[in-house]
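**Student:** A structural model of the following input is requested.
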Amino acid sequence: MRGLQWFNALSAGATPVEGLPDSLKVADGVLGEQAVRFIAVVTDANNRFPRARNGEVGLLEGWGLAKAVDEAIEKGDKRPLIAIVDVPSQAYGRREEALGIHQALAAAADSYARARLAGHPVIALLVGKAMSGAFLAHGYQANRLIALRDPGVMVHAMGKASAARVTLRSVEELEALAASVPPMAYDIDSYASLGLLWETLSVSQIEQPTPDDVVRVSDCLVQAIKDVAQPDLKGRLGATNRAASSHVRQLLREQW
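**Tutor:** The predicted model follows:
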């Protein structure tokens with residue numbers, strides 16, 4: 001419910017956008033003096049796809065996100081997009097695979113990327129889990145990533161239980177490995193060491209944000225919008241733990 005709580009808090013007084021799945025919350029409002037569009041994926045106990053009832057990003061959500069972002073682009077005012085992220089995973093299921101969840105999530109990521117390249121500042125606020133394909137579809141294309149400091153805010157390709165199975169380890173062994181290998185870790189400090197976060201913030205009540213929490217986060221979002229000067233993502237490669245990535249890119253430029 002974190003995504004919904006923060007969406008409601010940040011978009012208070014905003015105009016809801018209709019015609020989208022119940023698992024999506026979208027509203028046009030004002031942040032500072034800037035017109036913005038708030039976007040969040042939320043739980044929907046009545047979702048027609050059972051695998052997408054707990055905040056997962058599935059078929060309806062992927063295409064819905066693409067529609068919400070494309071409509072913002074069509075407005076022509078380059079309004080910032082605020083992606084509020086609390087997504088446990090993409091929706092895993094036979095129907096999802098058969099009906100092309102890869103295309104739905106790709107459509108969402110593509111829309112966010114096109115919005116960014118068209119001059120819309122895209123800011124992602126991580127208030128809960130940001131996992132696997134769900135995060136790639138909703139949030140990862142942002143110019144600036146902001147994370148709230150809390151053990152419940154986690155970023156990874158998959159949940160701990162799944163990662164343990166894939167790597168033939170117990171969850172405890174996986175956590176021990178992650179302590180020395182930042183890309184394997186789930187905590188925000190490890191993720192920040194990869195150079196992907198623009199800012200991390202502490203709040204007093206992450207589950208039920210207070211008025212002071214909302215003001216603090218809103219101010220940070222405003223500063224992030226102002227900080228966006230270029231539509232690319234080059235700023236993500238400056239961290240020490242991304243040195244190899246930067247070196248590979250340098251060699252590619254030199255040789256190609």
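**Student:** rest of the way, CA atoms for contacts and neighbours
**Tutor:** Will do.
**Student:** show me the strands in the stretch 101-250 of the chain, by range?
**Tutor:** If DSSP state E, counting those that start in this stretch is used as the criterion, the strands of the stretch 101-250 of the chain fall at 122-131, 144-148, 154-156, 199-201.
**Student:** need the winner for burial among those.
**Tutor:** Burial of the strands of the stretch 101-250 of the chain is given as mean neighbour count (mean count of other C-alpha atoms under 10 Å); strand 122-131 ranks first at a mean of 26.
**Student:** got the contact list for that strand?
**Tutor:** Outside of strand 122-131, the residues that reach it under the criterion C-alpha atoms under 8 Å, 6 or more residues apart in numbering are 2-3, 6, 80-90, 112, 115-116, 139-148, 152-159, 206, 221, 224-225.
**Student:** please apply the same query to stretch 162-176.
**Tutor:** Identification of contacts with stretch 162-176 by C-alpha under 8 Å, 6+ apart yields 160-161, 185.
**Student:** so in terms of bridging, what pairs with Ala130?
**Tutor:** Note on Ala130: beta-bridge partners Val87, Val155, judged by DSSP bridges.
**Student:** most neighbours of all the contacts of stretch 162-176, which one?
**Tutor:** Across the contacts of stretch 162-176, neighbour numbers were computed from other C-alpha atoms under 10 Å; Ala185 holds the maximum, 21 neighbours.
**Student:** which residues sit in contact with it?
**Tutor:** With the criterion set at C-alpha under 8 Å, 6+ apart, Ala185 makes contact with 156, 175, 178-179, 191.
**Student:** the stretch 101-250 of the chain: helices as residue ranges?
**Tutor:** Counting by DSSP state H, counting those that start in this stretch, the stretch 101-250 of the chain has helices at residues 101-117, 132-137, 160-166, 171-178, 188-192, 211-227, 243-255.
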